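J.: sequence and predicted structure below; questions after.
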Amino acid sequence: MALVRYTLGAYKHSSTLFKGIQSSQMSPNMQQIIAAGSGAIDPSFVAVGRLQPQISFTALPIKTILNACGISGAAMASDKAFFQQMVDDGGRAGATSHMQFTMANGLIIPTSINASALPAPATISCLATPRSADGVASPLAIVVNASLEEGQDTDTEVYVLGAVSINGTELEGVDDWSLDFGIALDITFGSGHVYPTYLGIMARNPRFTIRTFDLAKFQSWAETGLVQDVSDSTVVLQDQIEGGVRGSSPITFSIDAGMAHFETVGADQGGKGFGQVTITPVSDGTAAILAIAGLT
């Protein structure tokens, strides 16, 4: 029997198609029950204790995904993840040939954004966690011989590294930055169920990590860092024009309260000195802990 092989496909959240998928994986996250007894060296029993299926993926369309999910995630509405079938001695299989994972209920959250000074697109990573209606039925339906969503192969939404400002003053020499959305999920299994029946957000602690060659800032900040003052700190993703250079529609993350500090300062033989700056936003009870402009 010939081996059937698959590769990446798109992700559909409700009616919105997330294109430009760079990597994707599904894990059942099985927790087994393993038992031994009577002084035996080896276990003699194994069974399924719990299953917590999750699909993670990394993609290019940052604006589309942030519009759909925000910084707190969004409830699923029959979300679908696709893996498309490959063809021997060819490219991709036709309609009704692909694999589809469907999730009726659950929560999809953004987990991180990464941008680099290298000539490469910035990416956003997400985690989709479905929940069961009754704790017994699987929340993840696997469909074979499915058709792909129309237009999944065309993606022109690309962002690249932009400027970073701390309290209104630009941080020079930024080499890369990442945003960890810091969302902690509450996943509850009730009454001995195999699958989770409740999902919620327990906490959110976003954090930016920025690599910079601007070590002179450490001299003025000192080791205690800077408290966020009247001027917001901003971190920018610059939009990339297809066939051209940068556009004029960036995505800007603004921090109204919190602090920034140098996590590390160092250098390697034959290399430039670098610093890792951490920005920790907090809520002031009025403004959003992390405001985003440029999504319209």
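T.: Received it, and whenever you're ready, just let me know what you need. Residues are numbered from 1 along each chain as shown.
J.: neighbours of the closest residue in space to residue 141 that isn't next to it in sequence, just the number please.
T.: Ranked by Cβ to Cβ, 6 or more residues apart in numbering and with sequence neighbours excluded, the top spatial neighbour of residue 141 is residue 102, at 4.4 Å. In this view, the C-beta of every residue, glycine as well, is placed from N, C-alpha and C. A count of neighbours around residue 102, defined by other Cβ atoms under 10 Å, yields 17.
J.: quick check: beta-bridge partners of residue 102?
T.: Beta bridges link residue 102 to residue 80, residue 141, judged by DSSP bridges.
J.: now do the contacts for it.
T.: 78-80, 140-141, 143 (Cβ atoms under 8 Å, 6 or more residues apart in numbering).
J.: so which of the residues you listed comes closest to residue 35?
T.: Nearest to residue 35 out of the contacts of residue 102 is residue 140 (Cβ to Cβ; 27.0 Å).
J.: ok, back up a step: out of the contacts of residue 102, the closest to residue 178 would be?
T.: For these, the nearest to residue 178 is residue 79 (25.1 Å; Cβ to Cβ).
J.: surely the closest one and residue 15 touch.
T.: No - checked against Cβ atoms under 8 Å, the pair residue 79 and residue 15 is beyond contact range at 10.7 Å.
J.: who's more crowded, these two?
T.: Higher neighbour count among residue 79 and residue 15: residue 79, with 24 against 8, using other Cβ under 10 Å.
J.: now the residue lying closest to the more buried one once chain neighbours are set aside: how far from residue 62?
T.: Among residues not flanking residue 79 along the chain, residue 103 sits closest, at 4.8 Å (Cβ to Cβ, 6+ apart). Distance, residue 103 to residue 62, using Cβ to Cβ, to the nearest Å: 22 Å.
J.: in this structure, where's the longest strand?
T.: Taking DSSP state E as the criterion, the chain has its longest strand at strand 106-116.
J.: show me what that strand is packed up against.
T.: Judged by 3 or more Cβ pairs under 8 Å, 6 or more residues apart in numbering; DSSP states H and E, strand 106-116 is in contact with helix 62-69, strand 74-75, strand 123-130, strand 159-166, strand 174-180, strand 183-188, strand 198-204.
J.: list the contacts of the closest residue to residue 138 other than its chain neighbours.
T.: Excluding its sequence neighbours, the residue lying closest to residue 138 (Cβ to Cβ, 6+ apart) is residue 195, at 6.4 Å. By Cβ under 8 Å, 6+ apart, the residues touching residue 195 are 50-53, 131-132, 135-139, 189.
J.: separation between residue 195 and residue 97?
T.: Distance from residue 195 to residue 97, by Cβ to Cβ: 29 Å.
J.: check residue 235 too.
T.: Distance, residue 235 to residue 97, using Cβ to Cβ: 42 Å.
J.: can you name the residues bridging to the spatially most central residue of the chain?
T.: Compute the mean C-alpha point of the chain, and by Cα atoms, centre = their mean the closest residue is residue 125, 2.2 Å away. Judged by DSSP bridges, the bridge partners of residue 125 are residue 58, residue 112.
J.: can you give me the helices for this protein?
T.: 62-69, 216-221 (DSSP state H).
J.: what packs against the first one?
T.: If contacts are counted by 3+ Cβ pairs under 8 Å, 6+ apart, helix 62-69 sits against strand 16-18, strand 106-116, strand 123-130, strand 251-255.
J.: ok, residue 4 - how many residues close by?
T.: Using other Cβ under 10 Å, the number of residues around residue 4 comes to 13.
J.: if I pick it, what's in contact with it?
T.: residue 85.
J.: average pLDDT across stretch 167-186?
T.: In this model, stretch 167-186 has a mean pLDDT of 97.
J.: how long is that stretch end to end?
T.: 34 Å (Cα to Cα, to the nearest Å).
J.: once you drop chain neighbours, what's closest to residue 97?
T.: That would be residue 85: by Cβ to Cβ, 6+ apart, it lies 4.6 Å from residue 97.
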